[in-house]
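# Provided below for reference: sequence and predicted model.
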Amino acid sequence: VQLKESGPGLVQPSQTLSLTCTVSGFSLTDYSVHWVRQPPGKGLEWMGVIWSVGSTENNSALRSRLSISRDTSKSQVFLKMNSLQTEDTAIYYCTRYFDFWGPGTMVTVSS
Amino acid sequence: DIQMTQSPSSMSASLGDRVTITCQSSQDIGNNLIWFQQKPGKSPRPMIYYAPNLASGVPSRFSGSRSGSDYSLTIGSLESEDMAVYHCLQYKQYPYTFGAGTKLELK
């Protein structure tokens, strides 16, 4: 089982973040994938999930900024979050129901 | 939202010490709690599932317990490899919420 996040690294304020989690060793139709982020030197925040059936739940604190989707044929899960601010600077992780985690990808929001 | 109050925020202990870290939930979460260990520059590693159950490969010196709304992670005899930040997560209710973390250092 492996997960790996990929994304732009640097995003300008007010722009949209797009991240991809590419998984192997399991099927997205069998397991959920969650997104978790961690600002530098701070704690973990659960962002949302896409369940094995394809339904999603988001953290209400992120309001309508966040969307999670997937392409099962490519074994990929996508995170999109708009209106980025500096406080969205963090390491972004995808995890298979908290047992297997990707290495994380650092996203910096800065002009 | 369910608040997870984790304590202490940091602690130092000696090799061989018995160490306990606690998370208190603001609402009933049953046993829907996971403890994670996170070392610098690494992803979180699950240690305890569903309150008392050890994750695969976790040394037996780790244990989890529950008393009402208080959940504890105990290290029976501290080893140098246990120095890390420990987090709890409740997954009873959306949004899932983490404790603020406990940084465990060597005295």
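Sure, I can see it. Numbers count the residues shown, from 1 in each chain, chains lettered A, B, ... in the order given.
# For residue 15, give me the backbone phi and psi.
This is for chain A. Main-chain torsions, A:Gln15, degrees, to the nearest 10: phi -90, psi 180.
# roughly how far apart are it and chain B?
From A:Gln15 across to chain B, the span is 24 Å (CB to the nearest CB, to the nearest Å). All C-beta atoms are positioned from the backbone trio N, CA, C, and that covers glycine.
# which secondary structure element contains the residue nearest the centre of chain B?
Ranked by distance to the mean C-alpha position of chain B (CA atoms, centre = their mean), the top residue is B:Trp35 at 4.0 Å. Following DSSP states H and E, one finds B:Trp35 within strand B:33-38.
# So which bits of chain A are right by chain B?
Within reach of chain B by CB under 8 Å from any CB of the partner chain, chain A has these residues: A:34, A:36, A:43-46, A:57-61, A:93, A:95, A:98-99, A:101-104.
# ok, now which ones touch residue 104?
Going with chain A. A:5, A:38, A:91-93, B:43 (CB atoms under 8 Å, 6 or more residues apart in numbering or on different chains).
# wait, I meant chain B there
With CB under 8 Å, 6+ apart, B:Leu104 has these contacts: B:10-13, B:19, B:21, B:82-86.
# of those residues, closest to chain A?
Chain A lies nearest to B:Val85 out of the contacts of B:Leu104, by CB to the nearest CB, at 8.6 Å.
# doesn't B:Ala100 make contact with that closest one?
No: the criterion here is CB atoms under 8 Å, and B:Val85 misses it with B:Ala100 at 9.9 Å.
# check contacts around residue 52.
Let's take chain A. Residues near A:Ser52 by CB under 8 Å, 6+ apart: A:28-32.
# Chain B was what I was after
B:31, B:63-66.
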